[in-house]
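Asks: Provide a 3D model corresponding to the input given below.
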Amino acid sequence: MSANLASLFNLTGLAVVLAASLLVLRNYNNGFFQHWTRAFGAASAMTALEAISSCWGRPLPSQCVEVALCLTSTWYYQQTSAALQQRQLPRRLYGWGMSLGLLLALGMIARGAPFTLVSTPPLLLLSASIAYLGFVLVRRGKAPDDGFNAAWLGTPLLALGAMPLLFPLVLNTPWMWLGYWLAGFLNLTTGVGMLIFVVEGTSAQLRRQNHELRAVDQMKNDFLSMVSHELRTPLTVIKGGVAIMRESPLSETDVASLLASVAGSADQLHRLIDDLLDFSRMELGKLAYEMEPCDLGQLTRDVAQDFKNMSRAETVQFEVDVPDAELVASLDPRRIMQVQLNLLTNALKFTPAGGRITLRLEARASSALIVVSDTGPGVPSAYRERVFERFFQAERGDTRNVTGVGLGLAICKAIVEAHGGRIWLDSHSEPGATFCCELPLQGVTPTPPVAYAGTRAR
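Replies: You can find the predicted model right below:
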């Protein structure tokens, strides 16, 4: 009776570990917990079969299955240790070793050896694997994917793996079932540790989700605030200009000036709405590209002419350097023009009157390089790594009146990467800022990114 109770208690401890492991596996579906669950699953099956066999004897099939389950559990404990250390287990070597051990055990069973003798080598291998896993957990200090103290798992596993040292004391004595009670207690302790991991992991996950929701909510509020401000400013200029022309007699010069101001605000409003629509399409992965062979040099000249027609472009020096030779590439002309105009208007925002903006196109071996530089205040070194993060804007006293919601560079980055190119901020440009965009000259299939980050940082 005491033997059966001890075996049942041990099986209960394993069942608690297995149940907790299955709970953990739902939230942490990685290699460590997958192998961990399989190892304890095989150990539980072996213990259950052993408990059943102890009541009705051990027929030959039962002995074979017990040995196979013992070796299977050993294999998965080794896999768990390897996954925890983030390295590959030499599967072929271990596979041949496990197969050889199984064949030797089956041979001993077939020759009529006592099952106590047959099961000793596999059980010693299993105990060594459990002890090694406990050692790795204790040495690591933290369980994977969480700040959980791994000593809750490693310490009982170390003790469980050291239990074969007690065999000489309890084997063939009235205390032989003491090992089962002790194993059950250690397994139950491991199960409690896994339940603590479930509770701590769930709490940590809830804290992370709460933090992320707060961050998203704050981003939404900041975005709505920025968009409201950016929409209100040009609308105020347009409304004020129309009101003045309605209520006051004006000279032709004043009318022309007001119309230019209204037209500039309308263009600003149009660009803002286009940016918002493009950003929405990119987030959904629905931004379409119409690829066709195009002379990048002529495209850049057209962009330069459009930029010169902007009202405020007359206040800065604008230099264009485009080679006469054709640079033919397969691209979406409208989108690449959008990239260049975004870079130029971004430079114009931060270049003071009398400053200089340069648009340069260079031919390389298999690509074309577009360079837009300005003599504005530049990008602070603390923000250079974040210039392409969406909605990010630097807090600077000399740029606080600059308009925009921080989507221009985000859109540029997404379009360029969809064309198989890359875009970056030259960190060696002083003073001012220099943005470089490299596009392949060979044709590419557009691949709109599923997720991306980017925004204006100046």
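Asks: Then residue 361 would be within a strand, right?
Replies: Yes. Using DSSP: H, G, I helix; E, B strand; the rest coil, the assignment for residue 361 is a strand.
Asks: can you count the residues close to the nearest residue to residue 426 once chain neighbours are set aside?
Replies: Nearest residue to residue 426, sequence neighbours excluded (Cβ to Cβ, 6 or more residues apart in numbering): residue 434, at 4.0 Å. From N, CA and C alone the C-beta is placed, and that goes for glycine too. Using other Cβ atoms under 10 Å, residue 434 has 20 other residues around it.
Asks: Kindly report the same for residue 152.
Replies: Counted with other Cβ under 10 Å, residue 152 comes out at 19.
Asks: Now it: closest residue in space, sequence neighbours ignored.
Replies: Residue 152 sits nearest to residue 193 (Cβ to Cβ, 6+ apart), 3.4 Å away.
Asks: do the same with residue 244
Replies: Nearest non-adjacent residue to residue 244 (Cβ to Cβ, 6+ apart): residue 258, at 6.3 Å.
Asks: right, and that neighbour touches residue 246 too?
Replies: No. Counting by Cβ atoms under 8 Å, residue 258 stays clear of residue 246, with 11.0 Å between them.
Asks: Neighbour count: those two, which is higher?
Replies: residue 258 (17 against 7).
Asks: quick one: the helices in the stretch 151-300 of the chain?
Replies: 151-161, 167-170, 178-247, 252-284, 296-308 (DSSP state H, counting those that start in this stretch).
Asks: I'd like the ones you listed as JSON lines, with distance to residue 6 and mean pLDDT appended.
Replies: Output for the helices of the stretch 151-300 of the chain, formatted as JSON lines (distance: least, Cβ to Cβ, whole Å; pLDDT from 0 to 100):
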{"stretch": "helix 151-161", "distance to residue 6": "15", "mean pLDDT": "83"}
{"stretch": "helix 167-170", "distance to residue 6": "11", "mean pLDDT": "54"}
{"stretch": "helix 178-247", "distance to residue 6": "4", "mean pLDDT": "80"}
{"stretch": "helix 252-284", "distance to residue 6": "60", "mean pLDDT": "80"}
{"stretch": "helix 296-308", "distance to residue 6": "80", "mean pLDDT": "91"}
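Asks: Out of those helices, which is the most enclosed?
Replies: Among the helices of the stretch 151-300 of the chain, ranked by average contacts under mean count of other Cβ atoms under 10 Å, first place goes to helix 151-161 (a mean of 21).
Asks: what's near enough to touch residue 438?
Replies: Counting by Cβ atoms under 8 Å, 6 or more residues apart in numbering, residue 438 makes contact with 364, 367, 368, 369, 370, 421, 422, 423.
Asks: Neighbours of the first one, how many?
Replies: In other words, residue 364. Around residue 364 there are 12 residues (other Cβ under 10 Å).
Asks: Check the third one too.
Replies: The number of residues packed around residue 368, counting by other Cβ under 10 Å, is 22.
Asks: helices and strands of the chain: which one bottoms out on pLDDT?
Replies: Every helix and strand in the chain was compared by mean pLDDT, DSSP states H and E; the lowest is helix 167-170, with a mean of 54.
Asks: I'd like to check the angle between the strand or helix carrying residue 32 and helix 178-247, please.
Replies: For residue 32, the host element (DSSP states H and E) is helix 31-56. Angle of helix 31-56 versus helix 178-247, following axes from the mean of the first three to the mean of the last three Cα atoms, to 10 degrees, is 150 degrees.
Asks: for helix 31-56, packing partners?
Replies: When contacts are defined as 3 or more Cβ pairs under 8 Å, 6 or more residues apart in numbering; DSSP states H and E, helix 31-56 sits against helix 2-27, helix 60-84.
Asks: May I see the buried residues of it?
Replies: The neighbour-count check on helix 31-56 (16 or more other Cβ atoms under 10 Å) flags 32-51, 53 as buried.
Asks: Stretch 331-345 too?
Replies: 331-333, 335-345.
Asks: same question, stretch 317-331
Replies: 318, 320, 322, 327, 328, 329, 330, 331.
Asks: any idea of the mean pLDDT in it?
Replies: For stretch 317-331, mean pLDDT rounds to 90.
Asks: Run through who's touching it.
Replies: Residues contacting stretch 317-331 (Cβ under 8 Å, 6+ apart): 291-298, 300-301, 304, 307-308, 354-363, 368, 419, 439-444.
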